[in-house]
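Engineer: generate a structure from the sequence data that follows.
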Amino acid sequence: MQRQASLWVALALASVAADAGATAPQRTPERTGADPLGSPMWAAHARTLFGDDPVRFDPRVQVDFPMIAENQRAFPVAIDARAIAGVTRMVLLVDLNPIPIAIDYRPLHAAAYVATRIKLDQRTPVRGAVQLASGQWLVSGGWVDAAGGGCSAPPVSRVRGDWADHLGEIRGEAWPMADGRSRVRLNFRHPMDTGFVANIATYHLEALRVKGADGRTLGEMEIWAAVAEDPAITLMVDGGAGEALRVEARDTNGRDYRAALSVARQSPVPASMPGGR
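Structural biologist: Residues are numbered from 1 along each chain as shown. Alright, predicted model coming up:
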């Protein structure tokens, strides 16, 4: 929680500095060429997120999303870096959102793949950044056209008034893949409040961990309020048909979420099949 708050504050301050047109010379991470997306926030975010780590743009980091946001409250994005060896961390970054980070994922015993739905506050670059064991970051992404307002609109469950009736519900499914891993799809009921709606404080899932039957952590992530209401998250973790998985999560009010699921016993899907969102 403290780490999340610190990173969010740092990114917010970076945004303010960029908007104010700060002219003091500042060091940026080593990277190959200028930002191919021409984002006004790239330099500020890169300094905050990557520090002195080397950064370069690499199309092998596949960031999959629609080019136009039909629903700015729930926009599907997948980061697929399975073609890159040694990925230790994956970050989903939305440059011009007031909450730029959506997910910070560590695939400990899992494929370098994560998919979810996010909020969009305006037309913006959406990026995937992956870190290698060497410390180097590889980045890719593209611009998305969006009407905006996704971060400042009240969640649907708040409008209906039934959010508390379903808070804490988890649905999960897992299917074996031909590469010996399993595709895991998790759905949580949660309002994912950003704090930008009048009289509604920030309240969101902040951490998720998927464990194997032996208690080993397969993948873990930090989650921010930029993720859409009722989060849907897809991962590809180690373990095949019949594997027993455990899901553990926590929100910013300290509420714990627990679930157990088994990988389906069926014919494995091809390893190249998209994970879905």
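Engineer: could you use CA atoms for every contact and neighbour count after this?
Structural biologist: OK.
Engineer: the strands in the stretch 1-150 of the chain, which residues?
Structural biologist: 55-57, 62-64, 75-80, 87-94, 101-106, 110-118, 124-132, 137-144 (DSSP state E, counting those that start in this stretch).
Engineer: what's near enough to touch the residue most central in space within the chain?
Structural biologist: Centroid check for the chain by CA atoms, centre = their mean gives I103 as the closest residue, at 2.6 Å. When contacts are counted by CA atoms under 8 Å, 6 or more residues apart in numbering, I103 touches M90, V91, L92, L93, M221, E222, I223, W224, V227.
Engineer: quick one: which of the residues you listed is most hemmed in?
Structural biologist: Using other CA atoms under 10 Å as the neighbour criterion, V227 leads these with 30 neighbours.
Engineer: identify the bridge partners of the nearest residue to that residue once chain neighbours are set aside.
Structural biologist: Distance criterion CA to CA, 6 or more residues apart in numbering; nearest residue to V227, sequence neighbours excluded, is I118 at 4.2 Å. Note on I118: beta-bridge partners by DSSP bridges are F75, V227.
Engineer: correct me if wrong: I118 contacts A69.
Structural biologist: No. Taking contacts as CA atoms under 8 Å, I118 lies outside contact range of A69: 10.5 Å.
Engineer: sorry, back to before: figure out which of the strands of the stretch 1-150 of the chain is closest to Y203.
Structural biologist: Y203 sits nearest to strand 101-106 of all those, at 14.0 Å, using CA to CA.
Engineer: how many residues are close by H166?
Structural biologist: Quick note: H166 (other CA under 10 Å) scores 14 neighbours.
Engineer: who's in contact with it?
Structural biologist: Per CA under 8 Å, 6+ apart, neighbours of H166: R189, H190.
Engineer: with the one 3 residues further on instead?
Structural biologist: By CA under 8 Å, 6+ apart, the contact set of E169 is F188, R189.
Engineer: one more: A241?
Structural biologist: Applying CA under 8 Å, 6+ apart, the residues contacting A241 are W175, P176, S182, S262, V263, A264, R265, Q266.
Engineer: repeat that with 6 Å
Structural biologist: P176, V263, A264, R265 (CA atoms under 6 Å, 6 or more residues apart in numbering).
Engineer: any idea how far W175 is from it?
Structural biologist: Separation of A241 from W175 (CA to CA, to the nearest Å): 7 Å.
Engineer: which neighbours do those two share?
Structural biologist: Common neighbours of A241 and W175, counting by CA under 6 Å, 6+ apart, are V263, A264.
Engineer: P98: neighbour count?
Structural biologist: P98 - counted by other CA under 10 Å - has 19 other residues nearby.
Engineer: what's the answer for G239, then?
Structural biologist: 23.
Engineer: when you give positions from now on, start the count at 44
Structural biologist: Sure thing, new numbering starts at 44, so read that last one as G282.
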